[in-house]
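[1] Give me coordinates for this.
(one chain, ligands or ions: 2)
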Amino acid sequence: MPELTINGETHVLEVPVGTTLADGLRDELGLTGTKVACAEGHCGACTVLLAGVPVYSCITLVHMVGEREVTTIEGLRAHPLIDAFVRADALQCGFCTPGQIVSASALVEDNPSPSSEEIRHAMAGNLCRCGTYPKIEEAISTWQD
Ligand code: FES
Ligand code: FES
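    Numbers count the residues shown, from 1 in each chain. Ligands and ions are numbered 1, 2, ... in the order given. Next up is the predicted model:
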């Protein structure tokens, strides 16, 4: 059975081969902050970090994770981006928000003061049906304030 490091803790996931990481996180571990919308790798709602790199957990299999550390939105509770999204009112329904914040955390880790163009490029894989893109950009631009 795969042993995964998730938000700094080790978990053994007793799931069948073919189980997605999103399902493993949500159904086996109760980490329901990771959302599933399209379940086909199109929208980014399910984004988590694998060794610091944003991936779609709905098309990533538990058995393919290996040694790479998984970071979910629950592992980013203390990240200043959380407050920045609240300050900028960067959500409406909020369904896309965990994935947005996970992707944004990878961006600002590499580039703490991204330009507007860099933000749009880095966040292109995260869709928002509510159209909060300008506010998301504001939140990422002001996360260090
Ligand atoms: S739910 Fe995974 S990309 Fe849409
Ligand atoms: S806030 Fe509703 S989908 Fe983004």
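
[2] Could you list the buried residues of the longest helix seen in the chain?
    Taking DSSP state H as the criterion, the chain has its longest helix at helix 97-110. Neighbour counts over helix 97-110 (16 or more other C-beta atoms under 10 Å) mark 97-108 as buried. C-betas here are computed from N, CA, C, even on glycine.

[3] Save those residues as TSV, and put in distance to residue 82 and pLDDT too.
    TSV is the format used below for those (distance: C-beta to C-beta, whole Å; pLDDT from 0 to 100):
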residue	distance to residue 82	pLDDT
97	10	98
98	10	98
99	14	98
100	11	98
101	7	98
102	11	98
103	14	98
104	10	98
105	10	98
106	15	98
107	15	98
108	12	98
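
[4] Quickly name whichever of the residues you listed is closest to ligand 2.
    Checking those against ligand 2 by C-beta to the nearest ligand atom gives residue 97 as the nearest, at 5.9 Å.

[5] Excluding chain neighbours, what is closest to that closest one?
    Computed as C-beta to C-beta, 6 or more residues apart in numbering, the closest residue to residue 97 that is not its neighbour in sequence is residue 91, at 4.6 Å.

[6] State the distance from the one you found to residue 130.
    7 Å (C-beta to C-beta, to the nearest Å).

[7] Who has more neighbours out of those two?
    Ranked by neighbour count (other C-beta atoms under 10 Å), residue 91 and residue 130 place residue 91 first, with 20 against 13.

[8] Which helix or which strand is home to that one?
    Per DSSP states H and E: residue 91 is located in neither a helix nor a strand.

[9] Roughly how far does it sit from residue 100?
    Distance, residue 91 to residue 100, by C-beta to C-beta: 8 Å.

[10] intersection of neighbour lists for those two?
    Common contact partners of residue 91 and residue 100 (C-beta atoms under 8 Å, 6 or more residues apart in numbering): residue 85.
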